[in-house]
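Undergrad: no sequence for this one, just the structure:
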């Protein structure tokens with residue numbers, strides 16, 4: 001079971017002054033384009049990190065070997081899981097195990113985040129703190145709405161809660177009095193203001209085909225290292241750059257991000273090459289025509305939106321560890337992890353064993369440790385019941 005949260009997420013200390021709203025442009029977004037490059041004020045997103053660490057299953061980086069064929073189920077010709085070639089890529093949100101306490105915590109964190117710019121001088125934050133804010137707000141809103149609609153299978157068909165509109169186009173957030181959609185945040189605030197292709201990889205759209213959802217929140221002090229890591233994972237996966245002999249096939253997310261690549265094909269190829277490993281670099285060689293047609297909208301969960309048992313046989317009794325990140329494949333209850341999820345768990349087990357044998361499990365990132373400042377911290381961190389156990393996976 002997921003760990004119990006003892007309290008709701010509420011800003012513990014908000015600093016700064018509430019500034020009067022001046023005349024804004026028609027869309028009201030001008031107020032979000034101001035920042036203070038000299039500010040050392042920070043936002044503490046540890047609350048979101050704690051939730052993510054509990055609800056995200058980390059999947060090893062792609063070997064660029066596509067999953068072939070359809071997994072076979074016992075005693076049935078029906079398979080309701082993901083059968084695409086990308087089904088063993090991307091981190092997963094364990095939606096089918098999220099209980100009421102986590103739903104409340106996620107909702108309250110989104111509310112605290114949404115109200116933050118109305119309760120302090122948002123323009124006094126530096127650009128890195130603001131970028132981390134927008135990425136975390138976007139991702140918590142995506143997870144909250146998918147959670148409210150679950151079980152879902154294809155995210156491009158998901159509607160925002162309480163509306164008949166697309167999850168990405170509906171005005172589901174109100175920040176500093178301005179109604180915002182997820183597309184507003186991504187396409188009309190972040191892309192124009194930061195103008196760096198790496199920002200693409202901070203937006204988790206809820207699908208396997210999008211950039212990874214991390215197990216830690218974005219932070220102003222480390223946001224560019226985090227985005228570099230996500231860019232490297234995505235570009236070197238098949239859902240980022242496909243294997244193809246006659247075209248350079250890349251993800252459809254680059255189509256939306258053309259404003260970040262002034263000379264689109266030339267700049268995109270250079271960007272991909274910068275992060276490419278040996279296998280991906282081979283796909284980037286030559287001058288084959290570019291196609292942004294790699295699309296995978298299946299949900300990034302464990303079971304492809306299947307919450308019951310499939311195939312023949314009766315449920316088994318779960319035994320062993322209570323740690324939600326450790327699984328005994330031989331004794332899992334299909335009411336806890338449906339059969340569609342067992343195929344993924346079996347793959348993860350085999351892949352982790354391979355990485356252990358090759359002594360390649362985990363990565364090491366080197367970052368500069370900032371000198372502590374005298375500026376106060378905007379604290380969104382709650383107190384959780386009980387002591388937290390260290391996660392060996394990081």
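TA: On my side now, so go ahead. Computed from a predicted structure; not experimentally measured.

Undergrad: rest of the way, CA atoms for contacts and neighbours
TA: Fine.

Undergrad: would you say residue 238 is within a helix?
TA: No. Counting by DSSP: H, G, I helix; E, B strand; the rest coil, residue 238 is located in no helix; its state is coil.

Undergrad: Below-threshold pLDDT in the stretch 51-200 of the chain: ranges please.
TA: Within the stretch 51-200 of the chain, the stretches with pLDDT under 70 are 69-83.

Undergrad: quick one, strands of it?
TA: Along the stretch 51-200 of the chain, the segments classed as strands by DSSP state E, counting those that start in this stretch run 56-57, 92-93, 173-175, 178-180.

Undergrad: How about residues contacting the longest helix along the chain?
TA: Assignment by DSSP state H gives helix 127-149 as the longest helix of the chain. For helix 127-149, the external contacting residues (C-alpha atoms under 8 Å, 6 or more residues apart in numbering) are 35-37, 42-43, 95, 103, 106-107, 109-110, 113-114, 122, 152, 158, 160-161, 167, 182, 185, 190, 202-206, 213, 217-221, 223.

Undergrad: per-domain residue ranges of this protein.
TA: Domain segmentation of the chain under automatic domain parsing yields 1-16+38-217+296-312+329-360+375-394, 240-294.

Undergrad: any idea which of those is most buried?
TA: Among those, domain 1-16+38-217+296-312+329-360+375-394 has the highest mean neighbour count (mean count of other C-alpha atoms under 10 Å), at a mean of 18.

Undergrad: Phi and psi next, for the nearest residue to residue 290 once chain neighbours are set aside.
TA: Of all residues not flanking residue 290 in the chain, residue 248 sits nearest, at 4.8 Å (C-alpha to C-alpha, 6 or more residues apart in numbering). For residue 248, the backbone dihedrals are phi -90, psi 100 (criterion: degrees, to the nearest 10).

Undergrad: Could you list which residues are in contact with residue 248?
TA: Shown in contact with residue 248 (C-alpha under 8 Å, 6+ apart): 241, 242, 283, 284, 288, 289, 290, 291.

Undergrad: Would you reformat those residues as JSON lines and include secondary structure, distance to residue 257 and pLDDT?
TA: Formatted as JSON lines, the contacts of residue 248 follow (DSSP: H, G, I helix; E, B strand; the rest coil; distance: C-alpha to C-alpha, whole Å; pLDDT from 0 to 100):
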{"residue": "241", "secondary structure": "strand", "distance to residue 257": "16", "pLDDT": "97"}
{"residue": "242", "secondary structure": "coil", "distance to residue 257": "18", "pLDDT": "96"}
{"residue": "283", "secondary structure": "helix", "distance to residue 257": "21", "pLDDT": "94"}
{"residue": "284", "secondary structure": "helix", "distance to residue 257": "19", "pLDDT": "96"}
{"residue": "288", "secondary structure": "coil", "distance to residue 257": "21", "pLDDT": "94"}
{"residue": "289", "secondary structure": "coil", "distance to residue 257": "18", "pLDDT": "96"}
{"residue": "290", "secondary structure": "strand", "distance to residue 257": "15", "pLDDT": "97"}
{"residue": "291", "secondary structure": "strand", "distance to residue 257": "14", "pLDDT": "97"}
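
Undergrad: Just list whatever residues bridge to the closest residue to residue 242 other than its chain neighbours.
TA: Excluding the flanking residues, the one nearest residue 242 by C-alpha to C-alpha, 6+ apart is residue 249, at 5.4 Å. Beta-bridge partners recorded for residue 249 (DSSP bridges): residue 291.

Undergrad: Please name the residues that touch the residue nearest to residue 294 when sequence neighbours are not counted.
TA: Ranked by C-alpha to C-alpha, 6+ apart and with sequence neighbours excluded, the top spatial neighbour of residue 294 is residue 251, at 4.5 Å. For residue 251, the contacting residues are 209, 239, 240, 241, 292, 293, 294, 295, by C-alpha under 8 Å, 6+ apart.

Undergrad: rerun at 7 Å
TA: 239, 240, 241, 292, 293, 294, 295 (C-alpha atoms under 7 Å, 6 or more residues apart in numbering).

Undergrad: what do you get for residue 174?
TA: If you count contacts by C-alpha under 7 Å, 6+ apart, residue 174 has them with 114, 180.

Undergrad: just residue 280 next, same as before
TA: Neighbours of residue 280 in contact, by C-alpha under 7 Å, 6+ apart: residue 236.

Undergrad: For it, give its distance to residue 104.
TA: 41 Å (C-alpha to C-alpha, to the nearest Å).

Undergrad: Kindly report the same for residue 198.
TA: Residue 198 is 31 Å from residue 104, where distance means C-alpha to C-alpha.

Undergrad: next one: residue 96
TA: 15 Å.

Undergrad: if we can go back for a sec, for the residue nearest to residue 242, what are its contacts?
TA: Residue 249 touches 241, 242, 290, 291, 292, 293, 294, counting by C-alpha under 7 Å, 6+ apart.

Undergrad: Is it possible to get JSON lines of these that adds distance to residue 132?
TA: JSON lines is the format used below for those (distance: C-alpha to C-alpha, whole Å):
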{"residue": "241", "distance to residue 132": "26"}
{"residue": "242", "distance to residue 132": "29"}
{"residue": "290", "distance to residue 132": "31"}
{"residue": "291", "distance to residue 132": "31"}
{"residue": "292", "distance to residue 132": "27"}
{"residue": "293", "distance to residue 132": "29"}
{"residue": "294", "distance to residue 132": "27"}
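
Undergrad: Nearest to residue 301, out of the residues you listed: which one, please.
TA: Closest approach between these and residue 301, by C-alpha to C-alpha: residue 294, at 19.4 Å.

Undergrad: The closest one against residue 243, yeah?
TA: No. Residue 294 sits out of contact with residue 243 when judged by C-alpha atoms under 7 Å, with a separation of 10.5 Å.

Undergrad: what's the closest non-adjacent residue to residue 184?
TA: Spatial nearest neighbour of residue 184, chain neighbours left out: residue 169 (8.0 Å); criterion: C-alpha to C-alpha, 6+ apart.

Undergrad: and what of residue 198?
TA: What sits nearest to residue 198 in space, not counting adjacent residues and going by C-alpha to C-alpha, 6+ apart, is residue 227, at 5.9 Å.

Undergrad: Could you pull up phi and psi at that neighbour?
TA: Dihedral pair for residue 227: phi -70, psi -40, per degrees, to the nearest 10.
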